[in-house]
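*Asks:* here is a sequence with its predicted model. Questions after.
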Amino acid sequence: MRNQTPVLKSSSLSLAPTLTHFFSALTRASHFAWWYLRQISGDAAYENYLRHQRDIAAAPLNPTQFYQESLKRKYVTINRCC
Amino acid sequence: MKRVVKILIWVAISALGAAGLAAIAFERREPLNAVWLVVAAVCTYAVAYRFYSAFIAAKVLAVDGTRATPAERLEDGKDFVPTNRWVLIGHHFAAIAGPGPLVGPTLAAQFGYLPGTLWLILGAALGGCVQDFTTLFFSMRRNGKSLGQMAREEVGKRGGMLALIAVLAIMIILLAAVALIVVKALKDSPWGTFTLAMTIPIAILMGVYLRFFRPGRVLEASFIGVALVVFAVVAGQWVNVSPSWSQAFTFSGPTLAIAIIAYGFAASALPVWLLLAPRDYLSAFIKIGAILALAAGILFVRPALQMPPLTRFIDGTGPVFAGKIFPFCFITIACGAISGFHALISSGTTPKMITSELHARAVGYGAMAMESFVGVMAMIAACALTPGVYFAINSPAGIVGKTAEAAASTISSWGFPLDPATINALAQRVGERTLLDRTGGAPSLAVGMAQIFSGTIGGDRLLSIWYHFAIMFEALFILTVLDAGTRVGRFMVQELGGKIWKPLGRRGWLPGILISSAMICGAWGYFLWQGVQDPLGGINSIWPLFGISNQLLASVALVVGTTILLKMGKLRWIWVTAGPMVMLVAVTMTASYQKIFDPSPRLGFLAQARALSAQIVAGKIPPDRIAQTHRLIVNNRLDAVVTAVLAAMVLALLFEAVFVWTGLLSGSKKAQTHEAPYIATRWVAGD
């Protein structure tokens, strides 16, 4: 496979590196978009919590307990505006 | 060289923004293209963010990137969580952007597109963004304290109590106003009512999924929920054409009002995981999606604005709501320009999640600029309608008449030509029986949005689907504000009531939950009922009342901010918060005075009460409507008292603050702020 790289380069000039950069940028962008969506929606909240509990060496709540407790905390204060 | 390029880029952005503002203000030859509004708004926000917010951060607040934030010092993985800057901007934006920036500009379009657009752009850049940024910063420096706590500590003991009562009062009026918008949008609309009703079982399904099957898997549940809601919008057309189903989902205003009050009570008293939380997830997804789609649609369609820059109604005789351009343009558009409610969010969850002090600028100032842009888009959607259609939808039957012919005749006499066939055909094309007397802003915004969406995808064939998608989107997140607000209101009632009768203060006590839920629903339900019964459409009274109370809360936040700046020794830069504060106090006090005492019955609450009494005495009211008229008289007097009490509370806080300022400036009072002590951050600046 390695031997084919120069052939590709010579036949398509700068197209291959451009495409590679494009797809790698696209992959990075989609990873970021997925990460962002999970963070902002709260989907990753339990993983973030587990990481924190590991850091401070404390026993974590299970997913159901954590979910219920986080809802209780969230909806006792004003969290939606007009 | 790099510096020169940067300077040139900012000069170009500034010139483009100035050209946009000049086009909005002076272009008169032909209908203005909406792209000019977008250009003016985006360039102004960019310049204001780059220079004004940077100036505030550096000179006024002295933001310090070496200082540890509460999220770092008090990190607990629950409330205090260091959060990525971009994620936090998204969280904060989702929290502050509700129905206000959509409804307010739509209503203010009765003055033409010019005043509302300028207020949205400049009000946000110089007022709203500043309020959000400074409140967020001051709360962050105080371990995430609430506005009420800061008012108590920095201004005086009475300030805290006043803030708590003001917040509860504003919450009640806000909930009534948004509920009235839903009632007006769904009245006699089986398609819209069916779609919105379906969101309740869909939310419960999501709640059960998240609670028992996949705890916390919000994305999975939301994808399922969004798919089902989109299906419900499409299925609504089958309900609409079926005689029996259509009849089953056709409700009058009063019936819908009772249903919404019952819903609010259930959402407040039921476990939060069952209805409130999943509905919030669903609403957030659809809200962000619809806003992005509207932005893309405006850029794709580039609609021309049919509404003139200024209408004759700047003189205060408008049919949508009464009152002159000053102060009522500034009252009608609160969210999107400057909204006191934001100060509650900026001093709530967000300051506990900021990783670095340097991020406060992007989160506080930047997210508010984004919300203001939502307001500009709503203004575009409303003003892209022909003025005749806009006024036909938004004017109450009490003013333009009940039939299409009567409405067309009245509206045409104002100089906005309208053919009765046009409004009837439009109603048919969007799948409604009528679009007349749909006050509240939501239906006209939905028509505007549907025209933009159908211009992008589907053409006229999908107009009715897009209209009902827009109605569902507005009603869905209005109901989310309603149920979340009712629940928080319930806790406030329990907190205040617990001081009088202790058991009421216990959050887990079922009778206490039921009593406090009934009290808060009864309070906003009363104002909602009053709006539904009002022959002038209700929104004419309730929206200005909401705007006044919201701007009064903004005045409170700016009074607190000004006091803190003085204590920080920043007298030189005091105008940054004092300027918008003076403007808002002038606006709200003028509006309060006019709403209470103006001699015109359409504007002044007391004048309307007097006019109705005179009609009863003169025998002009039929016997079967005398009892209802007596209720209207009581309602108007009550509205006058509520307005007066709110204004008096803010004046009391202002006088207390002036006393503190005088003491500080004369040196008789020692400047003592309540900031948390400096602790250096362990983290490198940035994320």
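*Replies:* Right, received. Where do you want to start? Predicted model only: the values in this text are computed from it and were never measured.

*Asks:* which ones are touching residue B:478?
*Replies:* B:98-99, B:178-179, B:181-182, B:442 (C-beta atoms under 8 Å, 6 or more residues apart in numbering or on different chains). Heads up, the C-betas are built off the backbone N, CA and C, glycines and all.

*Asks:* now residue B:585
*Replies:* Counting by C-beta under 8 Å, 6+ apart, residue B:585 touches B:555, B:650, B:654.

*Asks:* so what touches the helix or strand containing residue A:68?
*Replies:* Element membership of residue A:68, judged by DSSP states H and E, is helix A:63-74. Residues from elsewhere that reach helix A:63-74, judged by C-beta under 8 Å, 6+ apart: A:42, A:45-46, A:49, A:60-61, B:78-79, B:210-211, B:215-216, B:272-273, B:277, B:349.

*Asks:* burial count for the residue in chain A that chain B sits nearest to?
*Replies:* Among all residues of chain A, residue A:52 sits closest to chain B, at 3.6 Å; criterion: C-beta to the nearest C-beta. Residue A:52 has 17 neighbours, counted by other C-beta atoms under 10 Å in any protein chain shown.

*Asks:* with adjacent residues omitted, what lies nearest to residue B:285?
*Replies:* Closest residue to residue B:285 apart from its sequence neighbours, by C-beta to C-beta, 6 or more residues apart in numbering or on different chains: residue B:222 at 5.1 Å.

*Asks:* same question for residue B:198.
*Replies:* residue B:232 (3.9 Å).

*Asks:* what sits against the one you found?
*Replies:* Residues in contact with residue B:232 (C-beta under 8 Å, 6+ apart) are B:194-195, B:198-199, B:202, B:472.

*Asks:* so where is the chain shaky, pLDDT-wise?
*Replies:* Picking chain A for this. Low-confidence segments of chain A, defined by pLDDT under 70: A:1-14.

*Asks:* sorry, should have said chain B
*Replies:* For chain B, the ranges with pLDDT under 70 are B:685-687.

*Asks:* nearest to chain A: which residue in it?
*Replies:* Counting by C-beta to the nearest C-beta, chain B gets nearest to chain A through residue B:77 (3.6 Å).

*Asks:* centroid residue for the chain?
*Replies:* Using chain A. residue A:35 (2.0 Å; C-alpha atoms, centre = their mean).

*Asks:* actually chain B
*Replies:* residue B:100 (2.1 Å).

*Asks:* what's the closest non-adjacent residue to that one?
*Replies:* Using C-beta to C-beta, 6+ apart, the closest residue to residue B:100 is residue B:335 (2.7 Å).

*Asks:* and the helices in chain A?
*Replies:* Remark: helices assigned in chain A by DSSP state H are A:4-12, A:15-41, A:45-55, A:63-74.

*Asks:* tell me the most buried of those helices?
*Replies:* helix A:63-74 (a mean of 17; mean count of other C-beta atoms under 10 Å in any protein chain shown).

*Asks:* alpha carbons of that one, as PDB, please.
*Replies:* This file holds the C-alpha atoms of helix A:63-74, laid out as PDB (Å, rounded to 0.1, in the frame of the first residue of the first chain):
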ATOM      1  CA  PRO A  63     -27.200   6.000  36.900                       C
ATOM      2  CA  THR A  64     -30.900   6.100  38.100                       C
ATOM      3  CA  GLN A  65     -30.000   7.700  41.400                       C
ATOM      4  CA  PHE A  66     -27.800  10.300  39.700                       C
ATOM      5  CA  TYR A  67     -30.400  11.100  37.000                       C
ATOM      6  CA  GLN A  68     -33.200  11.600  39.600                       C
ATOM      7  CA  GLU A  69     -31.000  13.700  41.900                       C
ATOM      8  CA  SER A  70     -29.800  15.900  39.000                       C
ATOM      9  CA  LEU A  71     -33.500  16.500  38.000                       C
ATOM     10  CA  LYS A  72     -34.400  17.400  41.500                       C
ATOM     11  CA  ARG A  73     -31.600  20.000  41.700                       C
ATOM     12  CA  LYS A  74     -32.300  21.400  38.300                       C
END
